[in-house]
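J.: here is a sequence together with a model predicted from it:
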Amino acid sequence: MEIGGPYFSQALINAVLSHSVRWCRDELGMEQLLGPFDGGVTFSKWAVEDLFNDIEHGNSKIPTVQALLSLSAQQCGCGNHTQAWLYSSMVFRLIDDIGICIDSKRYADVGHFSTEDVEVRNRLFWSCYFWDKLISLYFGRAPMVQNSEISPPRVLSKTQPLLTRFLS
């Protein structure tokens, strides 16, 4: 997750911080740390600003999808159902737009995807697929993401050590 790498964005880091604040507010000393950030609300505002800036300038990539998913889950947890549904709907359209809903392994040569890229895209598709089913069930609405013959495989690679860089 190097700064400026393909899986990093300011929107994503702010979305993760915004989503995480909810579980650490009661920790000792956290109030003082979060004070300058309006108790963590600032992270959410920054995430949304960064996301819409990326979208406006056509810079929608994997971190954009991840940030929108995180914000959707956060808004759902806060009871802001309209925002949660809106963010998730944007995610589901975006994965279609950037080709995450297509099995990247079949077309790795066309898109010049590395093994890691293929695995990340597959995992992101299935994250979106399951979030679509969960949020649709919760809200009583029809799901949007479909599993088809061109969808990424259901079996995720067990040999791809995605976390080894971060654990060492």
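T.: Looks like it came in fine. Numbers count the residues shown, from 1 in each chain.

J.: show me what contacts the spatially most central residue of the chain?
T.: For the chain, Q66 is the residue whose C-alpha lies nearest the centre (CA atoms, centre = their mean; 1.3 Å). Q66 makes contact with L12, A15, L124 under the criterion CB atoms under 8 Å, 6 or more residues apart in numbering. Bear in mind the C-beta positions are built from the backbone N, C-alpha and C, glycine included.

J.: now, these that are in helices?
T.: L12, A15, L124 (DSSP state H).

J.: ok, the last one - contacts?
T.: What it means is L124. Counting by CB under 8 Å, 6+ apart, the residues that L124 touches are I62, V65, Q66, I95, I100.

J.: by neighbour count, which of those residues wins?
T.: Comparing the contacts of L124 on neighbour count, I95 comes out first with 26 neighbours (neighbours: other CB atoms under 10 Å).

J.: same for the host helix or strand of that residue, what does it pack against?
T.: If you go by DSSP states H and E, I95 is part of helix 81-97. Secondary-structure packing of helix 81-97 (3 or more CB pairs under 8 Å, 6 or more residues apart in numbering; DSSP states H and E): helix 62-77, helix 115-139.

J.: name the residues of the last one that are buried.
T.: To tie it back to what came earlier, the one meant is helix 115-139. 117-129, 131-132, 135-136 (16 or more other CB atoms under 10 Å).

J.: what does stretch 86-93 give?
T.: Applying 16+ other CB under 10 Å to stretch 86-93 flags Y87, S88, S89, M90, V91, F92 as buried.

J.: give me the residues contacting that stretch.
T.: By CB under 8 Å, 6+ apart, stretch 86-93 touches V65, L68, L69, L71, S72, Q75, C128, W131, D132, I135, M144, V145.

J.: redo these as a markdown table? Include distance to M30.
T.: Converted to a markdown table, those look like this (distance: CB to CB, whole Å):
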| residue | distance to M30 |
| --- | --- |
| V65 | 29 |
| L68 | 26 |
| L69 | 25 |
| L71 | 21 |
| S72 | 24 |
| Q75 | 22 |
| C128 | 31 |
| W131 | 28 |
| D132 | 33 |
| I135 | 29 |
| M144 | 37 |
| V145 | 36 |
